[in-house]
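# Next input, structure requested:
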Amino acid sequence: MEHADLIVIGAGQSGLATAALAPRHGFARTLVLEADEAPGGAWPRYYDSLTLFSPARYSSLPGMRFPGDGDRYPTRDEVVDYLRDYARRLTAEIHTSTTVSSVTRQDGAWSVRAEDGREFTARAVIAATGDYGTPYLPDLPGRAEFAGRVLHAAAYRSPDVFAGQRLVVVGGGNSAIQIAAELGGVADTTLATRRPIGWLAQRPLGRDLHWWFRYTGLDIAPIRRLLQKAPVSVLDDGRYRTALHEHGVDQREMFTRFTSDGVVWGDGSKEAVDAVILATGYRPAFPYLTGSGALDADGRPRQRGGIAIVPGLGFVGMEFQRSFSSKTLRGAGRDAGRVLSRLRRQAA
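Residues are numbered from 1 along each chain as shown. Prediction:
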């Protein structure tokens, strides 16, 4: 059994940022437990062509600048390389291939058990596994009878295997737009949404939108409830709108149901479809916290700003945890610092 001052579950951007800041907040020994074979969280599993919508200068974790031209938009592989380089520089101990099965509190301390039977203890635990491991697949009418392929964007890698097919991409966010624009170059593709796409200019008045977020303070403003109700918008410098148009990707209102070989559109017309790709987001899931008292009846964290109702437990990396930039590379450090500060005071 290993003991530490702090155990961080997850070695993605949020877990690594937390581990980097832990010594500043009095946690001398930190263990990071990661289920995958290497640090990086969900980034290595994203589709091949993924490109950040934030410039490199706004895509850094605490203490390490994202390399290269600060105005460029890094690719998925560049982010993975950055995170793994960041992990190598940490003083924290990172245990990879370590899937956490349970976290329980006993006598004022936390006991963390891995699936392989190893046990760890700590006075504080931070869950930083995010939600990208739990893709949300809506229960669409007729899906069970559809003979074609249905997959979540989390399982999409590249357009090659879909060449020449009839496809529908469901969703109106950044990922849906990127995937549809890419698929349109090799396949007959439709983008299906429940509401019109909200486009945001990437560089209004000549500056990247993230500069304006920082200049106005919106990036760090604690307006979580307002942001959760805001409509989804897509950042674009013009390339994706152009690609959708040039590739003939049309946008339609979401289909009403599946058939055995396709979908039924809102006007009642039926169309044969080879595959449907659901860019329908993710849902938080912390199964290892079952029985800890930190989850409600639906499995959602009982927390405020990342601080659980159970003493000594925190969360980092949840969408709108405190601000617009939560669950991003640039925002992970701010949230982690606040949670670590609160947990330190609890332990004092």
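
# Quick check: phi and psi at the residue nearest to Asp69 when sequence neighbours are not counted.
Spatial nearest neighbour of Asp69, excluding adjacent residues (Cβ to Cβ, 6 or more residues apart in numbering): Ala56 at 6.6 Å. Just so you know, the C-beta spots here come from the backbone N, C-alpha and C atoms, and that holds for glycine as well. Backbone torsions of Ala56, given as degrees, to the nearest 10, read phi -60, psi -40.

# how many neighbours does Glu271 have?
By other Cβ atoms under 10 Å, 14 other residues sit near Glu271.

# And for it, nearest residue in space, chain neighbours not counted?
Glu271 sits nearest to Gly262 (Cβ to Cβ, 6+ apart), 4.9 Å away.

# these two touch, right, the one you found and Val276?
No - using Cβ atoms under 8 Å, Gly262 makes no contact with Val276, being 9.2 Å away.

# Quickly list what's touching both of those two.
Phe146, Gly148 (Cβ atoms under 8 Å, 6 or more residues apart in numbering).

# Spell out which helix or strand contains Ser49, please.
Assessed by DSSP states H and E, Ser49 sits outside every helix and strand.

# Tell me which stretches of the stretch 151-300 of the chain form strands.
In the stretch 151-300 of the chain, the strands defined using DSSP state E, counting those that start in this stretch lie at 166-170, 188-193, 198-201, 233-236, 250-253, 257-258, 262-264, 270-272, 275-278.

# scratch that, the stretch 1-150 of the chain is what I was asking about
Using DSSP E, counting those that start in this stretch, strands in the stretch 1-150 of the chain cover 2-9, 30-33, 93-95, 100-106, 109-114, 119-127, 149-152.

# give me the number of residues near Ser101?
Neighbours of Ser101 (other Cβ under 10 Å): 13.

# Not counting sequence-adjacent ones, nearest residue to it?
Glu115 (4.7 Å).

# Tell me where the longest helix sits in this structure.
Ranked by residue count under DSSP state H, the longest helix found in the chain is helix 329-347.

# Rounded mean pLDDT for that helix, please.
In this model, helix 329-347 has a mean pLDDT of 91.

# Next, the angle from that helix to strand 2-9.
140 degrees (axes from the mean of the first three to the mean of the last three Cα atoms, to 10 degrees).

# So for helix 329-347, what gets flagged as buried?
329-340, 342-344, 347 (16 or more other Cβ atoms under 10 Å).

# Next, the angle from that helix to strand 119-127.
Computed by the same axes, to 10 degrees, the angle between helix 329-347 and strand 119-127 is 120 degrees.

# Report how many residues lie close to Gly173.
17.

# phi, psi of it?
phi -100, psi -170.

# Does it touch Leu235 like I think?
No - using Cβ under 8 Å as the test, Gly173 is too far from Leu235 to be in contact (10.0 Å).

# before we move on, back to that, how close does the residue nearest to Ser101 sit to Arg214?
According to Cβ to Cβ, to the nearest Å, Glu115 stands 41 Å off from Arg214.

# Check Val186 too.
Counting by Cβ to Cβ - Val186 and Arg214 are separated by 38 Å.

# now Ala87
In terms of Cβ to Cβ, Ala87 sits 26 Å off from Arg214.

# And these two? Which one has more around it.
Ala87 (21 against 15).

# of the buried residues of helix 329-347, closest to Val103?
When the buried residues of helix 329-347 are compared for distance to Val103 (Cβ to Cβ), Leu343 wins out at 14.2 Å.

# what bridges to the residue lying closest to the closest one once chain neighbours are set aside?
Of all residues not flanking Leu343 in the chain, Ala124 sits nearest, at 4.6 Å (Cβ to Cβ, 6+ apart). In this entry, Ala124 is beta-bridged to Leu6, by DSSP bridges.
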